[in-house]
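J.: I would like the atomic coordinates for the input below:
(one chain, ligands or ions: 1)
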Amino acid sequence: MSTKNKIELGIGIKKPVRSISGVTPLTVVLAPRKCNHGTCIYCPGGESVPQSYTDKSPAIMRAMKLKYEPYEQVKVRLNVLKLMKHPTDKIEIIILGGTFLQYPRKYKYNFIKKIFDALNGKSSKDLQEAKKINETAEHRCVAMCIENRPDNCTDKDIKEMLEFGATRVEIGVQMPDDKIYKKTNRGHTIQDVVEATERLKNAGFKLGYHIMPGLPGSDKEKDLRLFKKIFQDEKFRPDQLKIYPCQIIKDSPLAKTYKLIGYTPYNEKETKEILIKMMKIIPDYCRVMRMMREFPKEKLIEGTEKLDLRKDIEEEFRNKGLKIREIRMREIGFNKKNLNFDVKIKIIEYPASNGKEYFLEFTNKEDILFGLLRLRIFNKTAIIRELHIYGQALNLGEEGAESQHIGLGKRLMKKAEEIVKKNKCKEIKVISGVGVRKYYKKLGYKLDDEGVYMVKDL
Ligand code: SF4
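T.: Numbers count the residues shown, from 1 in each chain. So this is what the prediction gives:
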């Protein structure tokens, strides 16, 4: 690989961790609202603070000051990111603070429209126009993540998320066990998780599970057994995880009852042990986005205080030379020493949720990951759920930025199209962040009639 290509991938560029995987995340917080089913026993917030957060979390305090106005939140964050010298041309919008899909339609619509307006730096007449403007705006929304519940993923919900421009959905799965769900007042069943998983994947979303070991009603053995099931059983198989061991947080129902029910969360040693065991199980196609919830110390009644356990765990793996398959451990951004740039495409095929998944990766001999693509084929439908080239986020206009995409990205797309043809599908669809549509246009794709997917006839 040439020096130019090295620069394109971010080698030799000072790396702010925030944008290490290619895009800059920007969080927008919802106004407080209680979830329809009640409150899961470990969950704080809901009344005057966004559900699942505390009034001492920095993101919430910032949003509170701005009265949870989405336009202001985006504007202020963009300015801060610029000051911190983070690239702001490729933004991933992350919506958090409760179950977004349960808010009134008018609130949801305006919330999303204002996010786009703020990115565009001007007001638009409706959401459709705002998205259109964003295709060529200075701050493009290249991805959007919505946090959701498994029982809020009906066809109607999915249609709405697509209309809003979402590309990634995270659902709370915790541990797939109906008895635990009952005990923790989750208000849904395993069947809801299974159905949501299939619908979301069929719609092309990148799918993340929130996982919670150490819940009341579980134990280490059970946690591990259920965690294995998530990957062994083709009805689950998520693309990403956030692993948040259960803690007792002030203002949560559990804080009032844990003594009565004789519950104790895992301590630091137990937490570390279970996380290590979990990491060893995670397959090549799954990325752990986060480990440990960052609750402020004064809100933590009992549970592990150490928030950077992941660092220790990963260091231990690296020192012992253990091969962990999980994506983030293998990403180029976290493996910049002695890099070999001779990369090849590797394809992993696996069944999932009544379909076939193809996971294409660009890796070198040492298994360092440079880019990936997720292709799903079901009922003669082919959909690309993710295309990601790793490395430092570069500004769209910056020299080399275009080839950062077109080089490895284009080769992955070509390979995916070959697979789709072999599977005798007539067209290929891509779920695309509004700000990436232009890129797919260059590869011969066009926006479908509903204005949702980029499509190409094969
Ligand atoms: S669904 Fe999520 S946000 Fe709602 S109460 Fe449960 S954990 Fe909290």
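
J.: how near is Lys56 to Asn423?
T.: 51 Å (C-beta to C-beta, to the nearest Å). To be clear about C-beta, it is placed using only N, CA and C from the backbone, and glycine gets the same treatment.

J.: wait, I meant Glu326
T.: 28 Å.

J.: check Val430 too.
T.: In terms of C-beta to C-beta, Val430 sits 16 Å off from Asn423.

J.: for the ligand, what are the nearby residues on the protein?
T.: Residues of the chain lying near the ligand by C-beta under 6 Å from any ligand atom: Cys35, Thr39, Cys40, Cys43, Gln51, Ser52, Gly98, Thr99, Arg149, Gly172.

J.: out of those, the closest to Asp117 would be?
T.: Nearest to Asp117, judged by C-beta to C-beta, of the residues of the chain next to the ligand is Gly98 at 22.0 Å.

J.: mind checking the SS state of the closest residue to that closest one other than its chain neighbours?
T.: Distance criterion C-beta to C-beta, 6 or more residues apart in numbering; nearest residue to Gly98, sequence neighbours excluded, is Gln51 at 3.9 Å. Put simply, Gln51 is coil when judged by DSSP: H, G, I helix; E, B strand; the rest coil.

J.: buried sites along the longest helix along the chain?
T.: Ranked by residue count, the top helix of the chain under DSSP state H comes out as helix 401-422. Of the residues in helix 401-422, those with enough neighbours to count as buried (16 or more other C-beta atoms under 10 Å) are 401, 404-405, 407-413, 415-417, 419-420.

J.: how near is the closest residue to the ligand within the stretch 351-458 of the chain to Thr197?
T.: Distances between the stretch 351-458 of the chain and the ligand by C-beta to the nearest ligand atom are smallest at Ser353, namely 21.8 Å. Per C-beta to C-beta, Ser353 is found 5 Å from Thr197.

J.: what's the overlap in contacts for the two?
T.: Common neighbours of Ser353 and Thr197 are listed as Lys235, Arg237 (criterion: C-beta atoms under 8 Å, 6 or more residues apart in numbering).

J.: model confidence for the closest residue to the ligand within the stretch 151-300 of the chain, exactly?
T.: Nearest residue of the stretch 151-300 of the chain to the ligand (C-beta to the nearest ligand atom) works out as Gly172 at 5.1 Å. Predicted confidence (pLDDT) for Gly172: 97.

J.: just to revisit the earlier point, so Ser353 and Thr197 - more neighbours on which side?
T.: Thr197 (24 against 21; other C-beta atoms under 10 Å).

J.: surely that one and Glu234 touch.
T.: No: the pair Thr197 / Glu234 is not scored as a contact, 9.9 Å apart, by C-beta atoms under 8 Å.

J.: what's the overlap in contacts for these two?
T.: In contact with both Thr197 and Glu234: Ser353, using C-beta under 8 Å, 6+ apart.

J.: how about the helices of the stretch 301-450 of the chain, start to end?
T.: 309-320, 327-330, 401-422, 437-442 (DSSP state H, counting those that start in this stretch).

J.: turn those into a markdown table, columns for mean pLDDT.
T.: Shown next, in a markdown table, are the helices of the stretch 301-450 of the chain (pLDDT from 0 to 100):
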| stretch | mean pLDDT |
| --- | --- |
| helix 309-320 | 94 |
| helix 327-330 | 94 |
| helix 401-422 | 80 |
| helix 437-442 | 93 |
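
J.: next, count neighbours for Glu160.
T.: When neighbours are counted by other C-beta under 10 Å, Glu160 comes out with 18.

J.: so is it in a helix, a strand, or just coil?
T.: Quick answer, by three-state DSSP: Glu160 is helix.

J.: can you tell me how far it is from Thr304?
T.: Applying C-beta to C-beta to Glu160 and Thr304 gives a distance of 37 Å.

J.: so what's the closest residue to Gln174 other than its chain neighbours up against?
T.: Leaving out its chain neighbours, the residue that sits closest to Gln174 by C-beta to C-beta, 6+ apart is Met212, at 4.1 Å. Taking C-beta under 8 Å, 6+ apart, we find Met212 in contact with Tyr42, Gly172, Gln174, Met175, Ile243, Tyr244, Pro245, Cys246.

J.: what do you get if the cut-off is 10 Å, keeping everything else the same?
T.: Met212 is in contact with 40, 42, 172-175, 180, 184, 218, 223, 242-247, 293, counting by C-beta atoms under 10 Å, 6 or more residues apart in numbering.

J.: so for it, what's the pLDDT?
T.: Predicted confidence (pLDDT) for Met212: 98.

J.: likewise for Ile13?
T.: Ile13 is given a pLDDT of 34.

J.: count the neighbours of Gly188 for me.
T.: Careful, residue 188 is His; it's not Gly. 18.

J.: separation between it and Cys425?
T.: 33 Å.

J.: and what of Cys35?
T.: Applying C-beta to C-beta, the value for Cys35 to Cys425 is 39 Å.

J.: where does this structure dip in pLDDT?
T.: 1-22, 46, 336-338, 391-406 (pLDDT under 70).

J.: which residue is the nearest non-sequential neighbour of Thr136?
T.: Nearest to Thr136 is Lys438, by C-beta to C-beta, 6+ apart, at 6.8 Å.

J.: how far away is the one you found from Lys132?
T.: On the measure of C-beta to C-beta, Lys438 and Lys132 end up 12 Å apart.

J.: that older thread, the residue nearest to Thr136 contacts Glu135, doesn't it?
T.: Yes: here Lys438 reaches Glu135: they are 5.9 Å apart, a contact under C-beta atoms under 10 Å.

J.: those two: who's more crowded?
T.: Under the criterion of other C-beta under 10 Å, the comparison of Lys438 against Glu135 puts Glu135 first, with 17 against 14.

J.: who's in contact with the closest residue to the more buried one other than its chain neighbours?
T.: Spatial nearest neighbour of Glu135, chain neighbours left out: Arg437 (5.3 Å); criterion: C-beta to C-beta, 6+ apart. Arg437 is in contact with 131-132, 134-136, 140, 142, 430, 445-447, 451, 453-454, counting by C-beta under 10 Å, 6+ apart.

J.: so which of Val430 and Asn423 has more stuff around it?
T.: Val430 (26 against 14).

J.: please name the bridge partners of the more buried one.
T.: With DSSP bridges applied, Val430 shows beta-bridge pairing to Ile384, Met454.
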